[in-house]
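*Asks:* kindly return the folded structure for what I paste below:
(chains A and B)
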Amino acid sequence: MAVVIINDTPVDIGTERLNLIQAAAKIGVFIPSYCWHPALSVVASCRMCLVEVGEKKPDGAIAMQPRVVPACQTPAKDGTVCITNSEKARTAEARTLEGLLLNHPLDCPVCDKAGECLLQDFSYQFGKSSSRMIDPKNTPPNKPDIGEHISLFTDRCIMCSRCVRFTREIAGSSELHVVNRGHHSEIDVFPGDPVNNPLAGNVVDLCPVGALANKEFLYKQRVWFLKNASSVCAGCSTGCSITIDHNKDVVHRIRPRENPQAQGHFICDEGRFDYPYVNSKDRFQQPMSAVATGGSPVAVQAGRLHHDTWENVIPTVRRELTNAAKQGGSEVAAVLSPMLTVEEAFLLAKFIKGLSADAKLYLGWVPTVGKDEQFPQDRKGNPMGPVKFTIRAEKCPNRRGVEEVLRHFQVELLGFDRLLANAGKLEALYLTAGYPPRLGAWLTDEQTKTLAKIPLLIVQDLAPSPISEAAKFVIPAATFAEKDGCYVNHANLAQQLHWAVRPGSMGRSDGQVFLYLLERRGLIQASALRQEIAREIPFFAALAGDLGEFGVKLG
Amino acid sequence: MPDFEPILLKRINAKASPWLDAYRADGGYSALTKALGDMTPGQVIDVVKNSGLRGRGGAGFPCGVKWTFLPKDHPGPIYLCVNADESEPCTFNNRILMEHDPHQVLEGIALACYATRASVAYIYIRYEYGAAYRNMQKAIDELYANNLLGKNILGKEFSLEVYLHRGAGAYICGEETGLIESLEGKRGWPRIKPPFPAVEGAFRKPTVVNNIETLACVTHIVERGADWFKTIGIPPDPKNPRDAGSYGSKLYCISGHVNTPCCVELPLGVTVRELVDKHGGGVWKGRKAKGCIPGGISMGLMTEAEFDTPLDFNGPGKVGCLGLGTAAVTIFDETTSIVDVLYNICRFFAHESCGQCTPCREGTGWMMKIMDRMRRGQGRREDLDILDEVARSIGIMPGTTICGLADGAGWPVKNAIAKFRPELEAYIRGGQKTTVSLALAH
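*Replies:* Now for the predicted structure:
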């Protein structure tokens, strides 16, 4: 039992190994810091977290050290006394801030970080509003091409060296360095060696000021216009927790959300920069059908597919599938994409099995690219030291969840290759896909031809492809940013997604479409559905409760 | 003490050959032979500890005590880093030792390694010291050829490898952890302590860092004993229980506006006035001194009136200086503008700050900018207050930096404002401009 005294308040930190910043945070006392980051080594160089520290002796006497010390470097031990709000500590903080602002350009009006900048925040809380320096500021040159996605505004840098430590300790590729000395120190790369490692985008999040900027986001939005939704990255089976920053139904930025159970503090660039397809105008905006389904088609697209309305398409699809099932249940099948949420997979499985117990359910294509990439890795790609981040080869978020749904509805788990083998016998197929376009064409021409022969082919996908051209009905699919639900990652961790943007005025989320098909009323309620799933499928029993911020382990 | 017989400079003053044969003919390596033959490592440490030898590099930490901080029964390897990065301005005592009597230093290194059970010694030598580097390397080669380095030295159970490592010209690499980082091939950024180098230093192994002159003293202490060493210098102040005394002799470097700049060995406790008048040949051009830098510029400034302060480990502190430092005394005469002195000092530290800690990185740069403006005749009265505040708030003493560079950067500024304020104010008030051009530091 270790008790630390923070500003006269005793804090029991148990047996945890904490520094004073963390110990103070336990009782809501905030100690400002720049260079310290829980996932990186401690350098204690920004000197923002200066506090007064002492020791309470067993006899109750308190001996304070004469100097201020950095809280990030000071371990919280039994009897440690920490004072953050004294004149001395506050003066030290204000002096550090004055120093940081001496050569800072104060270009907040044109800085992307404005609004979420720690230099702004701490200056407001702990600093002064004026500088006493009347001499010219240093004006180091900006480095707009320090990385493919990253730009460095050198003059805004406060030399916390978080980015340098990240590329050394987490990514391992060590592109970023400090060059020059003293007040001319700068972050830089070696010529011809930009920061392009697969985790590079994290240095932008780590930067406490506006020095490192994300070029995809630069000058797009002021951050105070952004709304945030907590979600899960659909890029691979790691299932990183993310925050989707959006405004007016446009996704502007993906940021990692700390989750010790999933990935830790960071995300990879694949997940971070792969959102533009969500905003793409090339996506299906409304359902389409190859035949007139009553009423007049809204518009006619090139080829055989007509734009159609949900009011027409849903009953027609339901009717045609029902008819097909009546002729022979085993001739009806559905493909459940691993891009679906657990709730969606459950609803679709329920609908198809409701048509006929003989109808078959298949697991959709599981995209796999290369091998799992583990970090830190050295310049040659060899892993170094304990693994701190993994980009998985399996490029879909919910194979585990869909598999467990399938196992519940039919004993045998059928893979996508089995579908291709059986396609010739099928009368009707409901094919869900929704793969992000970066994975490329996922069906070969031959496979497309095989599937195109199925008389009643319903394709639910994001954008036109050869297979959607062959379909009788096309249902627009939704992306992860438009979904409520949960994904189960490679380690059976179920995490919640919250929708950030709406799938267009004529779009519907996948789950909503399945509700329509099931003739269930109302809008999709992921938590109510999870209750239902938890009752029906033992594997998902834990979904009955709140998934919380970090998700729950299943099985 | 007019009749003081130099110890470290004895052979150098006699212009003796620096090489092994001559050194051995003068009784060299007898201390090592004695230690390896008759003494345990613990006994060597005890002798050095009892002698009260304090580090000659600047901080004055008791050398023997430092050696006892090494973990007991460590499986090794333990390293000795020899700090030959003598980068404090005006200091050149290590250079003389390395260039003209390298074996005296190397014997001390071997003794220190024997005492601390270090198996490897790295000599981190300042890049600018080309001659010292070559002479040291030649001396090391001689030792390897004569079984005084390498495996089983003198046929005993003691092996030692010595490597010379040239720095790249950074002041900060004279700070012990900056030196270790630089030695490991990294940027010379001082490390946060704890862990101290004695626990985790070079290559994450226990490491002792000692100055060249300290190790040269070790040779003579082991040879002649702790009691002999204590007959030289000044005993501890009985009123101050924390005073470890200032035993032994010290190489004083005298430079600046004196007639005969030189390096002279004297017992600790000599006054600046004696150094200038007796050994430096008096202030040049028949002028009077305005003040001096008592021990390298990071120790602060002394006025002419304070020249009677004894230069031992306690003396300079009594007149507001940081300490003895490297005991490199630089005199500036009465015609020197204190603004120029201060500007040059500030420029040096702004250039040499490693840039790691915010207060030092920004503070040294700011002080240089203020002094530059002041030199150009645009100083303001409040600038002196800002300078004083910045100078007092940076460094390990107020707790705002990792290493002591910032203390050294602030001290001369603080001293100048306290001791030369009327001159600074008159300069600002009169709108004077300096026309003296200073050579660029970079």
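*Asks:* only C-alpha atoms from now on, for both contacts and neighbour counts.
*Replies:* OK.
*Asks:* interface residues of chain A facing chain B?
*Replies:* A:43-47, A:50, A:66-70, A:92, A:95-96, A:99-100, A:102, A:133, A:135, A:159, A:181-185 (Cα under 8 Å from any Cα of the partner chain).
*Asks:* which residues touch residue 332?
*Replies:* This is for chain A. For residue A:332, the contact set (Cα atoms under 8 Å, 6 or more residues apart in numbering or on different chains) comprises A:321, A:324-325, A:359-360, A:426-429.
*Asks:* could you do chain B instead?
*Replies:* B:256-257, B:289-292 are the contacts of residue B:332 under Cα under 8 Å, 6+ apart.
*Asks:* and if we set it to 10 Å?
*Replies:* B:255-258, B:283-284, B:287-293, B:303-304, B:338, B:341 (Cα atoms under 10 Å, 6 or more residues apart in numbering or on different chains).
*Asks:* just the buried ones from the residues you listed, in ChimeraX syntax?
*Replies:* The ChimeraX selection below is limited to those of the contacts of residue B:332 classed as buried (16 or more other Cα atoms under 10 Å in any protein chain shown):
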select /B:255,256,257,258,283,284,288,289,290,291,292,293,303,304,338,341
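*Asks:* now the helix or strand harbouring residue A:166, how far from the centre of its chain.
*Replies:* In the assignment (DSSP states H and E), residue A:166 maps to helix A:162-166. Distance, stretch centre to chain centre, for helix A:162-166: 21 Å (Cα atoms, centre = their mean, to the nearest Å).
*Asks:* where does the chain dip in pLDDT?
*Replies:* Just so you know, I chose chain A. Scanning chain A for pLDDT under 70 picks out the ranges A:292-303.
*Asks:* wrong chain, I was asking about chain B
*Replies:* Applying pLDDT under 70 to chain B flags the ranges B:1-3, B:435-436, B:438-442.
*Asks:* spatially, what comes nearest to the residue of the stretch 351-500 of chain A found nearest chain B if we skip its sequence neighbours?
*Replies:* Nearest residue of the stretch 351-500 of chain A to chain B: residue A:385, at 16.2 Å (Cα to the nearest Cα). Counting by Cα to Cα, 6 or more residues apart in numbering or on different chains, the nearest residue to residue A:385 once its immediate chain neighbours are dropped is residue A:376, at 7.1 Å.
*Asks:* coming back round to it: packing partners of the helix holding residue A:166?
*Replies:* strand A:177-179, strand A:186-188, helix A:202-206 (3 or more Cα pairs under 10 Å, 6 or more residues apart in numbering or on different chains; DSSP states H and E).
*Asks:* what about 7 Å?
*Replies:* helix A:202-206 (3 or more Cα pairs under 7 Å, 6 or more residues apart in numbering or on different chains; DSSP states H and E).
*Asks:* what's the helix it packs on in contact with?
*Replies:* A:162-163, A:166, A:212-214, A:266-267 (Cα atoms under 7 Å, 6 or more residues apart in numbering or on different chains).
*Asks:* domain boundaries for the chain, per the record?
*Replies:* Defaulting to chain A. A:2-92, A:100-279, A:312-367+A:395-553 (automatic domain parsing).
*Asks:* not quite, go with chain B.
*Replies:* Split by automatic domain parsing, chain B gives B:10-231, B:246-333, B:338-429.
*Asks:* let me know the secondary structure of the most centrally placed residue in chain A.
*Replies:* The centroid of chain A falls nearest to residue A:242 when counting by Cα atoms, centre = their mean (2.7 Å). Following DSSP: H, G, I helix; E, B strand; the rest coil, we place residue A:242 in the strand state.
*Asks:* contacts only, for it.
*Replies:* Here residue A:242 is in contact with A:230-233, A:254-257 (criterion: Cα under 7 Å, 6+ apart).
*Asks:* can you check residue B:244 too?
*Replies:* B:52, B:236.
*Asks:* cool, and the one 3 residues further on?
*Replies:* For residue B:247, the residues meeting the contact criterion (Cα under 7 Å, 6+ apart) are B:52-53, B:229-230, B:232-235, B:268.
*Asks:* now it. Its backbone dihedrals?
*Replies:* Main-chain torsions, residue B:247, degrees, to the nearest 10: phi -90, psi 150.
*Asks:* now it: how far from chain A?
*Replies:* Residue B:247 sits 30 Å away from chain A, going by Cα to the nearest Cα, to the nearest Å.
*Asks:* hmm, back to that, list just the nearest of the contacts of helix A:202-206 to residue A:15.
*Replies:* residue A:266 (26.7 Å; Cα to Cα).
*Asks:* where's the spatially most central residue of chain B relative to chain A, distance?
*Replies:* For chain B, the residue sitting closest to the mean C-alpha position, by Cα atoms, centre = their mean, is residue B:57 at 2.9 Å. Distance of residue B:57 to chain A, given as Cα to the nearest Cα: 23 Å.
*Asks:* then residue B:183?
*Replies:* If you go by Cα to the nearest Cα, the gap between residue B:183 and chain A works out to 18 Å.
*Asks:* OK, contacts around the residue in the stretch 151-300 of chain B that chain A sits nearest to?
*Replies:* The nearest approach of the stretch 151-300 of chain B to chain A comes at residue B:192, 6.8 Å away (Cα to the nearest Cα). Applying Cα under 7 Å, 6+ apart, we find residue B:192 in contact with A:43, B:402.
*Asks:* checking it next. Helix, strand or coil?
*Replies:* coil.
*Asks:* hey, C-alpha coordinates of the helix or strand hosting residue B:67 in CSV?
*Replies:* Using DSSP H and E, residue B:67 sits in helix B:63-68. What follows is helix B:63-68, C-alpha atoms only, in CSV (Å, rounded to 0.1, in the frame of the first residue of the first chain):
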residue,chain,number,x,y,z
CYS,B,63,37.2,10.6,-6.2
GLY,B,64,37.5,7.6,-3.9
VAL,B,65,33.9,8.0,-2.7
LYS,B,66,32.8,8.0,-6.4
TRP,B,67,34.5,4.7,-6.8
THR,B,68,32.7,3.2,-3.9
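*Asks:* identify the residues contacting it?
*Replies:* Contacts of helix B:63-68 (Cα under 7 Å, 6+ apart): B:45, B:48-49, B:53-55, B:116, B:208.
*Asks:* which of these fall within helices?
*Replies:* Assigned to helices by DSSP state H, the following of the contacts of helix B:63-68 qualify: B:45, B:48-49, B:116.
*Asks:* and which of those residues is nearest to residue A:9?
*Replies:* Distances from residue A:9 to the ones in helices among the contacts of helix B:63-68, taken by Cα to Cα, are shortest for residue B:49, at 44.7 Å.
*Asks:* the closest one and residue B:292, how far apart?
*Replies:* In this view, residue B:49 and residue B:292 are 33 Å apart by Cα to Cα, to the nearest Å.
*Asks:* can you name every helix or strand that the longest helix along chain A contacts?
*Replies:* When chain A is parsed with DSSP H, its longest helix is helix A:310-327. Contacts defined by 3+ Cα pairs under 7 Å, 6+ apart place helix A:310-327 against helix A:510-517.
*Asks:* the helix it packs on - contacts with which helices or strands?
*Replies:* helix A:310-327, helix A:342-355.
*Asks:* how does it look with 10 Å?
*Replies:* Looks like helix A:510-517 contacts helix A:310-327, helix A:342-355, strand A:456-461, strand A:473-476 (3+ Cα pairs under 10 Å, 6+ apart).
*Asks:* export the ones you listed to TSV and tack on distance to residue B:86?
*Replies:* Output for these, formatted as TSV (distance: least, Cα to Cα, whole Å):
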stretch	distance to residue B:86
helix A:310-327	82
helix A:342-355	68
strand A:456-461	71
strand A:473-476	73
